[in-house]
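# Sequence and predicted structure are below.
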Amino acid sequence: MKTIENIKEYDRPFLIKLLEDMLLIRRFEEKSAQMYGLQKIGGFCHLYIGQEAVAVGSIAALDLKKDYILTAYRDHGHALACGMKPNAAMAELYGKIDGCSRGKGGSMHLFDVANHMYGGNGIVGGHIPVATGVAFKIRYSEEDGVVLCYFGDGAIHQGAFHESLNLAKIWNLPIIYICENNQYGMGTDFRRVSSVHDLSSLGQSYGIDGRQVNGMDVLSVFDATTDVVHQAREKHQPTLLEIRTYRYKGHSMSDPGKYRTREELDEYRQQDPILVLKQAMRSADLLTDEDYDALDEKCRKAADEAADFAENSPEPALETLYEDILA
């Protein structure tokens, strides 16, 4: 398997794109935290800081003209990795009309039909059957697409997860279930609530291949996802990936994170996926400090511009309250 260690096997433009995408998510999330503190953003807000390699590495393995992604409520990173404009994402956090969901969804319900990003979802595990249904649609219509379905370790014991895996195997659906194991379900270490600590093994009950992946290494994520996407596309084999990662911020903006030690947090900060890729590229003479600074400045500017755009976007008109509903 290709990893950071053999980075020279990858094209430089591809590596630059991975680095830029992770930096954009990081700077966007930092700006979101700042604006939440200024009460420009309200409601629930779950940041993706630390987990950037999971969304960026896995989505890089897709063709979003025919593939789809669905994810849970920590969805800003996935939306940006799919190509959603930072302006539309930030305006949605502000609840403004120019947001990707017209200000109606907020942080947990980003949605981008054009880029086949079919939502964040605020219900724990609630989107897993929906993603399975999208994979069924692909199979039924004899299309060539694949679905990536992301959820946290806290959702993996929901009944909907197990029901979905069973159906995916029975119907041979082209779907990859991705458990983003960031070690904590809200404030509880996953080992305290799971009788099985290797969550990738849970697919065995349904005859589904399970793999564990280093989620702090974007190239490991890309390589593993590329492999299982091929299996899903060519052989209609569902897969379960447990991607081990870590969030540097609280579960949500209201979480002080007192259930973990400063030492633990510092240890994982040494594995920061952005710094890991940056250092590997520098060591391989694929990146200079000037290159990195220019990328970082570009992403900081994009985040600042997104906040300005959201600030100046109009509030939704009163009559929009009755639009976008089925009945």
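Arrived safely, thanks for sending.
# Quickly run through the sheet partners of the lowest-mean-pLDDT helix or strand in the chain, with directions.
Between all helices and strands in the chain, the lowest mean by mean pLDDT, DSSP states H and E belongs to strand 188-189, at a mean of 78. Counting by DSSP bridges, the strands paired with strand 188-189 are strand 184-185 (antiparallel).
# Just the helices from the stretch 201-327 of the chain, written as ranges.
Remark: helices assigned in the stretch 201-327 of the chain by DSSP state H, counting those that start in this stretch are 218-235, 262-269, 273-283, 289-312.
# Mind listing residues that contact the shortest one?
By CB atoms under 8 Å, 6 or more residues apart in numbering, the surrounding residues in contact with helix 262-269 are 50, 216, 246, 248. In short, each C-beta sits where N, CA and C put it, glycine included.
# repeat that for 7 Å
246, 248 (CB atoms under 7 Å, 6 or more residues apart in numbering).
# Ok, stretch 30-39 next?
Residues outside stretch 30-39 that contact it (CB under 7 Å, 6+ apart): 41, 45, 47, 76, 93, 253, 303-304, 306-307.
# and that stretch, what's its mean pLDDT?
Per-region confidence: stretch 30-39 scores 96 on mean pLDDT.
# What of stretch 166-174?
For stretch 166-174, the per-residue pLDDT averages 97.
# next one: stretch 251-269
87.
# Report the buried residues of it.
251-253, 268 (16 or more other CB atoms under 10 Å).
# And stretch 270-281, by the same measure?
Neighbour counts over stretch 270-281 (16+ other CB under 10 Å) mark 271-274, 276-278, 280-281 as buried.
# mind putting these in CSV, distance to His127 included?
What follows is those, written out as CSV (distance: CB to CB, whole Å):
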residue, distance to His127
Gln271, 28
Asp272, 28
Pro273, 24
Ile274, 27
Val276, 29
Leu277, 29
Lys278, 33
Ala280, 34
Met281, 34
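# Closest to Gly203 out of those?
Set against Gly203, the nearest of the buried residues of stretch 270-281 by CB to CB is Pro273 (24.9 Å).
# Contact partners for that closest one?
Pro273 neighbours (CB under 7 Å, 6+ apart): 22, 52-53, 216-218.
# give me that answer again for 10 Å
4, 18-19, 22, 26, 50-54, 56-57, 214-221, 245-246 (CB atoms under 10 Å, 6 or more residues apart in numbering).
# just Cys100 next, same as before
Neighbours of Cys100 in contact, by CB under 10 Å, 6+ apart: 79, 84-85, 87-93, 109-115, 117.
# Recalculate using a threshold of 6 Å.
88, 92, 110-112 (CB atoms under 6 Å, 6 or more residues apart in numbering).
# just Leu148 next, same as before
58, 69, 176, 178.
# could you redo the last one with a cut-off of 7 Å?
Applying CB under 7 Å, 6+ apart, we find Leu148 in contact with 58, 62, 69, 176, 178.
# burial measure for the first one, as a count.
Other residues near Ser58 come to 29 when the count uses other CB atoms under 10 Å.
# Surely it and Asp227 touch.
No - Ser58 is beyond contact range of Asp227, at 11.4 Å (criterion: CB atoms under 7 Å).
# circling back to that earlier point, let me have the buried residues of stretch 251-269 in CSV, adding distance to Tyr206 as columns.
Below are the buried residues of stretch 251-269 laid out as CSV (distance: CB to CB, whole Å):
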residue, distance to Tyr206
His251, 29
Ser252, 31
Met253, 36
Tyr268, 32
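# between those, which is nearest Tyr150?
Nearest to Tyr150 among those, with distances taken as CB to CB, is His251, at 16.0 Å.
# For Glu143, see how far away the closest residue to Asn181 other than its chain neighbours is.
Excluding the flanking residues, the one nearest Asn181 by CB to CB, 6 or more residues apart in numbering is Asp153, at 4.3 Å. Computed as CB to CB, to the nearest Å, the Asp153 to Glu143 distance reads 31 Å.
# likewise Tyr248?
The spacing between Tyr248 and Glu143, counted by CB to CB, is 38 Å.
# Ok, Ile170 next?
19 Å.
# shaky segments in the stretch 1-150 of the chain?
For the stretch 1-150 of the chain, the stretches with pLDDT under 70 are 1-3.
# can you pull out the helices in it?
With DSSP H, counting those that start in this stretch, the ranges of helices along the stretch 1-150 of the chain come out as 12-37, 52-59, 76-82, 86-93, 128-140.
# Contacts for the last one next, please.
In other words, helix 128-140. With CB under 7 Å, 6+ apart as the test, helix 128-140 has contacts from 68, 70, 118, 145, 147, 149, 151, 160-161, 163-164, 167-168, 171, 173-175, 236.
# Filter those down to the buried ones, ChimeraX style.
The buried residues among the contacts of helix 128-140 can be selected in ChimeraX (16+ other CB under 10 Å) with this line:
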select :68,70,118,145,147,149,151,160,161,164,167,168,173,174,175,236
